[in-house]
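Asker: Structure for the following, please:
(chains A and B)
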Amino acid sequence: MVSQGLIVDQIITGLSIGGRLFLIAVGLSLIFGVLDVLNFAHGALFMIGAYVGVVAVQSLPGGFWIGLVAAAVGAGLVGVLIEIGAIRRVYDREELDQLLVTFAFVLILTDVVRFVFGTGQKTIEAPAVFRGSIQLTSSLTISTYRAFVIVVSVLTLAAIFLVLRTTNIGRLVRATSSDRDMAALMGVNVPRLYTLVFFVGAALAGLGGALAAPTLSITSSLGDQVIIRAFVIAVIGGLGSFGGAFVGAYLVGLTIAVGSLVVPGAGELIPFVAMIAVLLVKPEGLFGGVEA
Amino acid sequence: MSLLELTDVNGYYGNSHVLFDLDLAVDRNEVIALLGRNGAGKTTTLRTVTGTIPRRQGGLTFDGTDISHDSVDEISNRGIKLVPEERRVFPTLTVHENMQVARDMTSGTEPRPVEEMYEIFPVLDELRENRGRNLSGGEQQMLSVARALIQSPDLLLLDEPTEGLAPVIVDDLYDVLSEVVEQDVTVLITEQNVDFALDLAERAYIIDKGSNAWDGTVAELEQRADLLDEYLSVGAVE
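Answerer: Numbers count the residues shown, from 1 in each chain, chains lettered A, B, ... in the order given. Below you'll find the model as predicted:
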């Protein structure tokens, strides 16, 4: 029999995995929701963010915090280059063309990073302030860093909702996402808005990468692993839905962690089964539709 | 000098040639009806002006400036605003948000206050927090017109504004539009409902199979039952 303490432990692990996954999935969802493009290169942008985090921590005092900002901005700028250089030219093509173009960038970015940093694994430690753990109850602790990641993911969701719901630019993004041709007819410079949204989505991936860096061993193929999970989450939650990405990420995090207790070794498998079930029963996702 | 001028315009959807050497001139503060059968090329003509047709050739000037190489948003920002046939209200935004977007995106001129639209369209006032997709066809049409008016257009393009609307709604819309055309705005309106268009307009163009068939004043057209029979084949003007 599995002990209660172990289950609670795994739930906390699941939540922290969920927090990390949300930061990946939310940018993917934002870009799909507004631009209608499935950005396969999103995982590679996450990987770039992780490497920026590594370089910052290894070369600067207080590098972790600078790394977070630099990872977001750096991945965002790479995203802008990809959008202006290539993806912008395939908006009117079919999904397969778009997917292939973004997939090409997965290969390119992975190779560039491998060329610069080599094939070895990189690891960094969380900053000293996060190295302890928090005592939740007498028998229950959570690592401070994991708690921090969960908090950041919740704050990110809140920030995205606030911007989309209460600001002029957020309203404009929602309008353009629901009818880009009409938005252009009303005077919206749609390509410029798309570039901005792509920057934000890519920056979220970079931020996620730098935040996850202290909990992962980082290689240039990191992006391949995370993009699949991000897709699973986005499909389960409903592509383009941020609330859906949030619930999907925590659901996947929890099933990975708790599922491994129930069926040892199968934790990683359960999210895929869940994705297939969602696709069969509710193809638009649990929170389907392209609403903020 | 005309406000809007199309000279020898040819339009294409992919390989199919749909507009042939079309000429059209709209003077400032004029109301022009663009008439013709379904498929004659009325909507395509408007799409030529807004820049949403995939390919066009020929002269296109607005206020003396060549706009034939402008993008859709650049044309819009010159003060040309379309109320499209399908209304195209933003479905996931509320009525109020639809108007706010229009206000925020107005450039080069002062937008009209959103509150003013609620006075012109009292029905929208009660629906402020309703989402676009939950409105009736008539309400969507009102919102679509309001959204265009907020942007203080110099040239208002109305594409089949009465299509699919109940007669009582058509009357409401007529009241609003007849007030609109009193103000200093230039209007180009396409309509299947010939009476509706001719009541508002001063001049008319008839197009047929993508080409000019006739143009002249509404007073002249009202004497020409033969034209209405030949090109519109709907109930002639009483």
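Asker: Close to chain A: what parts of chain B are there?
Answerer: B:50, B:52, B:71-73, B:76-77, B:81-82, B:84, B:88, B:90-93, B:97-98, B:100-102, B:104-107, B:147, B:151 (CB under 8 Å from any CB of the partner chain). All C-beta atoms are positioned from the backbone trio N, CA, C, and that covers glycine.
Asker: Helix, strand, or coil at the closest residue to residue B:105 other than its chain neighbours?
Answerer: With sequence-adjacent residues excluded and distances taken as CB to CB, 6 or more residues apart in numbering or on different chains, residue B:105 is closest to residue A:187, at 4.5 Å. Recorded secondary structure, residue A:187: coil (DSSP: H, G, I helix; E, B strand; the rest coil).
Asker: wait, what's in contact with residue A:187?
Answerer: B:73, B:76-77, B:105-107, B:151 (CB atoms under 8 Å, 6 or more residues apart in numbering or on different chains).
Asker: Got phi/psi on residue B:68?
Answerer: phi -70, psi -10 (degrees, to the nearest 10).
Asker: isn't it right next to residue B:53, touching?
Answerer: No - Residue B:68 lies out of contact with residue B:53 (CB atoms under 8 Å); the separation is 11.2 Å.
Asker: and residue B:238, what pLDDT?
Answerer: For residue B:238, the pLDDT comes out at 40.
Asker: And for residue A:56?
Answerer: On the pLDDT scale, residue A:56 is placed at 93.
Asker: so which strand or helix has it?
Answerer: Per DSSP states H and E, residue A:56 falls inside helix A:42-59.
Asker: Just the CA atoms of that helix, as CSV, please.
Answerer: Taking C-alpha atoms only, helix A:42-59 is exported to CSV below (Å, rounded to 0.1, in the frame of the first residue of the first chain):
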residue,chain,number,x,y,z
HIS,A,42,8.9,26.6,-29.1
GLY,A,43,10.9,23.9,-27.3
ALA,A,44,14.1,25.1,-28.9
LEU,A,45,13.3,28.6,-27.5
PHE,A,46,12.9,27.1,-24.1
MET,A,47,16.3,25.3,-24.5
ILE,A,48,17.9,28.7,-25.5
GLY,A,49,16.5,30.2,-22.4
ALA,A,50,18.0,27.4,-20.3
TYR,A,51,21.4,28.0,-21.8
VAL,A,52,21.2,31.7,-21.3
GLY,A,53,20.4,30.9,-17.7
VAL,A,54,23.5,28.7,-17.4
VAL,A,55,25.8,31.2,-19.0
ALA,A,56,24.5,34.0,-16.7
VAL,A,57,24.9,31.9,-13.5
GLN,A,58,28.3,30.8,-14.5
SER,A,59,29.7,34.1,-15.5
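Asker: mind listing the strands for chain A?
Answerer: Assigned by DSSP state E, the strands in chain A fall at A:133-137, A:140-143.
Asker: Just the strands from chain B, written as ranges.
Answerer: Listed in chain order, the strands of chain B (DSSP E) span residues B:4-13, B:16-26, B:31-35, B:55-62, B:65-66, B:80-83, B:155-159, B:186-190, B:203-208, B:211-217.
Asker: returning to what we had before: out of the contacts of residue A:187, which is most surrounded?
Answerer: Highest neighbour count within those: residue B:76, with 26 neighbours (other CB atoms under 10 Å in any protein chain shown).
Asker: Can you name the residues that contact it?
Answerer: Shown in contact with residue B:76 (CB under 8 Å, 6+ apart): A:184-187, B:50, B:82.
Asker: top helix in the chain by residue count?
Answerer: Since no chain was named, I'll use chain A. For chain A, the longest helix by residue count, based on DSSP state H, is helix A:4-35.
Asker: My question was about chain B, not that one.
Answerer: The helix that spans the most residues within chain B, counting by DSSP H, is helix B:167-182.
Asker: pLDDT of it, averaged?
Answerer: The average pLDDT within helix B:167-182 is 90.
Asker: how distant is that helix from the center of its chain?
Answerer: Mean-position distance between helix B:167-182 and its chain equals 14 Å (CA atoms, centre = their mean, to the nearest Å).
Asker: Report the angle between that helix and strand B:31-35.
Answerer: 130 degrees (axes from the mean of the first three to the mean of the last three CA atoms, to 10 degrees).
Asker: so what secondary structure elements neighbour helix B:167-182?
Answerer: Helix B:167-182 is packed against helix B:137-150, strand B:186-190, helix B:194-200, with contacts defined by 3 or more CB pairs under 8 Å, 6 or more residues apart in numbering or on different chains; DSSP states H and E.
Asker: Quick check: buried residues in the longest one?
Answerer: Of the residues in helix B:137-150, those with enough neighbours to count as buried (16 or more other CB atoms under 10 Å in any protein chain shown) are B:138-150.
Asker: List phi and psi for the closest residue to chain B within the stretch 1-150 of chain A.
Answerer: Closest residue of the stretch 1-150 of chain A to chain B, CB to the nearest CB: residue A:92 (10.0 Å). For residue A:92, the backbone dihedrals (degrees, to the nearest 10) come out as phi -90, psi 0.
Asker: Report how many residues lie close to it.
Answerer: Counted with other CB under 10 Å, residue A:92 comes out at 8.
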